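*Asks:* Provide a 3D model corresponding to the input given below.
(2 chains)
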Protein chains: 2
Amino acid sequence: MLSKSQISFIKSLHQKKYRKEHGIFIIEGFKSLLEIIPSHYNLDSIYYVAEYKSLMPTLPSNIKLFEVNNVELEKISTLQTPQGILALVKQPKATPLDPDVLKNCFSIVLDGVQDPGNLGTIIRTADWFGFKNIICSLNTADVYNPKTIQATMGSLPRVNVFYEDLSLVLPKVQVPIYGALLEGKSIYKTDFGTEGLLILGNEGQGISAAVINFIQQPVTIPRIGKAESLNVAISAGIFCAEISRNII
Amino acid sequence: MLSKSQISFIKSLHQKKYRKEHGIFIIEGFKSLLEIIPSHYNLDSIYYVAEYKSLMPTLPSNIKLFEVNNVELEKISTLQTPQGILALVKQPKATPLDPDVLKNCFSIVLDGVQDPGNLGTIIRTADWFGFKNIICSLNTADVYNPKTIQATMGSLPRVNVFYEDLSLVLPKVQVPIYGALLEGKSIYKTDFGTEGLLILGNEGQGISAAVINFIQQPVTIPRIGKAESLNVAISAGIFCAEISRNII
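*Replies:* So this is what the prediction gives:
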C-alpha cells in the first residue's frame, strides 16, 4: 500500500517543474521497463499490480519495488488506461553537446517543437533510421513529459536528446546544415551526403528568425495537393527516409 | 444563450454513437470553418464568441448562428482550450466506393488503424501529396471523431474517406496492391509506377490475416536502427513521399 505522500510525490512528477526539481521521470508499461533496464538510465522504483510479480526480472537491490492495487495505480498513472506497471527513472545528468559527435552522421535539430507527442514520435523515428542525436532548442517540449515517453515506444534509451541554445551551438558545427522550409531545394533533387544537421521548426511558426540564418541548404518536401503544411513528425520521417537512401 | 438541451445535444456528438444517429459532426476553429464553407459539406450551425462576430463570412440563411460566451463554449467544445468557434456539420451520405476511381492514381487503404489522431494526420498527409482517396476497414477509427478532424488541420474536405469491408473491395480493384510489411521489397528499390493501393495496418497488429492475402507486393521501409516499428502515420508519410517521387 502506498502512503499519501508517495502518491502525491509521483503525481507531482506529471509536471515538468517537479520532474526537474527531483531529477526523476515516469515510464509506464512492461515493454518500456524492459527497454530501460539494460540502458544507461538508472531506475529509482517500480510500482506494479500483482499480475506482474512473477514476470519481474532480476534487478539491483537498490531499486525499490512496490506492489500496488489498480486504484493506487490509477492515482499515480499518467494514462487514461494504466498498463499495470509504472517506474520512476533517474534523469541522467545533462552533458553539454560536443560538436564532434555530429561528424560522420546525420542529426535532427528541433527548433521549438511544442507537442510532446510529436517529439516522442520523432525520437522513435530517429531510432528506426539509426539517427543517434537530437538537438532541441530550449523551448522545445520536454523529453521527460509522459506523453513524449509514451510516443517514443521504448526508443528513448537509444537516442541522445540534448537541450541547447541553438544560436550558440549552430555556429560551432562543422557539418552541412539543412533546414526544412516551404521554399527550398526538393528532397528528390538533394544529395544529403553522409553527414549533416536537419533543422525542423515549430508546428505553427516553423523555424525561428534567430535560427533560420544558420541554414546552409533550405530543403522542401514538394507539395502536390493542397494541405497548408505537413505535421512536423511526418516531415521528420520523410527527411529521415530520404537521408537514409544512400546509407542502406 | 444556449438552452440545456442544445448543450446536451452538442455534447452527445462527442460520441460516435450520437454522431452516427444524427448524421452530424463537430469542427472547431475559424480556419477549419473557412475550409468547410466552400466544400461539399453542408453546415448546420455555428457557435462563436463575440470576437468572431465581425469576421463571420456571408453564409446561406439556413445556417443557424449562435453567439455564445466562453463558459458555454467550454461546455460544448471537445478541446481543452476551445478556439472561439465551433460548428456542426452534416455528414454527407456515404457513397459506396466505385473501384474505377482508384485507377490512374494512388490510394491509401487503412486496415484497422485505431488512433483518430493517426487517421487525421494520414488524411492531412494524403492531402499534401494529392492522394484523393482513403479506404478504411470498418474497424478503423471514425473520420468524424473530433480528434481525427483536429489532426486533419482542415484537409478533410479534399480527401474522400470510404469505409468498406476490405475483403469485398480488394478483389474488385484493378490496380497493383502494395502492403506495408516489416519484410518486403525496400521502398528504395520499388518502382511504384503511377497507380496502386497501399495498405497500412493496425498500430499494434499490423495488417490483418484476412487482408494480407490480397497484397501483391509487400514493401518495407528499411530499418537501420533499433526501433521495433514506425508509427503508422509516419509510415504513411514516407510511402506517400516515395510514391510521389515519379509524379513531381
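
*Asks:* Would you mark the buried spots in the longest strand anywhere in chain A?
*Replies:* Secondary structure of chain A per DSSP state E: the longest strand is strand A:177-186. Along strand A:177-186, these residues count as buried under the neighbour rule (16 or more other CB atoms under 10 Å in any protein chain shown): A:177, A:178, A:179, A:180, A:181, A:184. (Glycine included, C-beta is placed from N, CA and C.)

*Asks:* Pop out the phi and psi values for the closest residue in space to the third one that isn't next to it in sequence.
*Replies:* By the measure of CB to CB, 6 or more residues apart in numbering or on different chains, the closest residue to residue A:179 outside its immediate chain neighbours is residue A:215, 3.4 Å from it. Summarising the backbone geometry of residue A:215 under the convention degrees, to the nearest 10, its torsions are phi -70, psi 130.

*Asks:* Residue A:159: neighbouring residues, count only.
*Replies:* 23 (other CB atoms under 10 Å in any protein chain shown).

*Asks:* again, but for residue A:16
*Replies:* 14.

*Asks:* So the residue nearest to it when sequence neighbours are not counted versus residue B:193, what's the distance?
*Replies:* With sequence-adjacent residues excluded and distances taken as CB to CB, 6+ apart, residue A:16 is closest to residue A:142, at 5.0 Å. If you measure residue A:142 against residue B:193 using CB to CB, to the nearest Å, the figure is 44 Å.

*Asks:* Comparing those two, which residue is more hemmed in?
*Replies:* residue A:142 (19 against 12).

*Asks:* surely the more buried one meets residue A:149?
*Replies:* No. Using CB atoms under 8 Å, residue A:142 is not in contact with residue A:149, being 9.8 Å away.

*Asks:* Can you report how many residues lie near residue A:83?
*Replies:* As a burial measure, residue A:83 scores 17 neighbours (other CB under 10 Å).

*Asks:* That one: what's its closest spatial neighbour, skipping adjacent residues?
*Replies:* residue A:29 (4.1 Å).

*Asks:* what residues are up against the one you found?
*Replies:* Listed by CB atoms under 8 Å, 6 or more residues apart in numbering or on different chains, the contact partners of residue A:29 are A:83, A:84, A:85.

*Asks:* Local confidence estimate at the closest residue in space to the second one that isn't next to it in sequence?
*Replies:* In this structure, residue A:84 finds its nearest non-sequential neighbour in residue A:49, 4.9 Å apart by CB to CB, 6+ apart. Model confidence at residue A:49, given as pLDDT, is 97.

*Asks:* other SSEs contacting the lowest-mean-pLDDT helix or strand in chain A?
*Replies:* Across the helices and strands of chain A, mean confidence by mean pLDDT, DSSP states H and E is lowest for helix A:30-36: a mean of 92. With contacts taken as 3 or more CB pairs under 8 Å, 6 or more residues apart in numbering or on different chains; DSSP states H and E, helix A:30-36 sits against strand A:85-90.

*Asks:* Report the inter-axis angle for the next helix or strand after the strand it packs on versus strand A:177-186.
*Replies:* Next along the chain after strand A:85-90, taking DSSP states H and E as the criterion, comes strand A:106-111. For strand A:106-111 against strand A:177-186, the angle between stretch directions is 90 degrees (axes from the mean of the first three to the mean of the last three CA atoms, to 10 degrees).

*Asks:* strands paired with strand A:106-111, and their directions?
*Replies:* Using DSSP bridges, strand A:106-111 pairs in its sheet with strand A:133-137 (parallel), strand A:196-201 (parallel).

*Asks:* a markdown table for those strands, including mean pLDDT, distance to residue A:233 and mean neighbour count?
*Replies:* Putting these into a markdown table (pLDDT from 0 to 100; distance: least, CB to CB, whole Å; neighbours: other CB atoms under 10 Å in any protein chain shown) gives the following:
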| stretch | mean pLDDT | distance to residue A:233 | mean neighbour count |
| --- | --- | --- | --- |
| strand A:133-137 | 98 | 12 | 22 |
| strand A:196-201 | 98 | 9 | 23 |
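
*Asks:* one step back: show me what contacts the residue nearest to residue A:179?
*Replies:* Contacts of residue A:215 (CB under 8 Å, 6+ apart): A:177, A:178, A:179, A:181, A:199, A:207.

*Asks:* now, which of the residues you listed sits nearest chain B?
*Replies:* Checking the contacts of residue A:215 against chain B with CB to the nearest CB, the nearest one is residue A:181 at 14.9 Å.

*Asks:* ok, that closest one to residue A:83 distance?
*Replies:* Using CB to CB, residue A:181 is found at 39 Å from residue A:83.

*Asks:* Equivalent analysis for residue A:118, please.
*Replies:* Between residue A:118 and residue A:83 the computed distance is 22 Å (CB to CB).

*Asks:* Alongside chain B, which residues does chain A contribute?
*Replies:* A:117, A:121, A:124-131, A:151, A:153-155, A:158, A:186-188, A:221-231, A:233-235, A:237-238, A:241-242, A:244-245, A:247-248 (CB under 8 Å from any CB of the partner chain).

*Asks:* so of these, which ones are in strands?
*Replies:* When DSSP E defines the strands, the subset of these inside them is residue A:186.

*Asks:* Which ones among the residues of chain A next to chain B map onto helices?
*Replies:* Using DSSP state H, A:117, A:121, A:124-128, A:151, A:233-235, A:237-238, A:241-242, A:244 are the members of the residues of chain A next to chain B that sit in helices.

*Asks:* Show me the domain layout of chain A.
*Replies:* A:4-90, A:99-244 (automatic domain parsing).

*Asks:* related to what we said a few turns ago, quick check: the gap between the residue nearest to residue A:83 and residue A:73.
*Replies:* On the measure of CB to CB, residue A:29 and residue A:73 end up 12 Å apart.

*Asks:* three-state assignment of the nearest residue to residue A:34 once chain neighbours are set aside?
*Replies:* With sequence-adjacent residues excluded and distances taken as CB to CB, 6+ apart, residue A:34 is closest to residue A:57, at 7.3 Å. What DSSP: H, G, I helix; E, B strand; the rest coil gives for residue A:57 is coil.

*Asks:* Make sure residue A:57 is actually in contact with residue A:36.
*Replies:* No. Residue A:57 is not in contact with residue A:36 according to CB under 8 Å; the separation is 11.1 Å.

*Asks:* who has more neighbours, the two?
*Replies:* residue A:36 (19 against 9).

*Asks:* show me the contacts for that one.
*Replies:* Contacts of residue A:36 (CB under 8 Å, 6+ apart): A:27, A:43, A:87, A:89, A:156, A:157.

*Asks:* Closest to residue B:78 out of these?
*Replies:* Distances from residue B:78 to the contacts of residue A:36, taken as CB to CB, are shortest for residue A:27 (28.8 Å).

*Asks:* Not counting its neighbours along the chain, what's nearest residue A:233?
*Replies:* residue A:121 (4.1 Å).

*Asks:* show me what contacts the one you found?
*Replies:* Counted by CB under 8 Å, 6+ apart, residue A:121 has contacts A:151, A:152, A:233, A:236, B:231, B:234.
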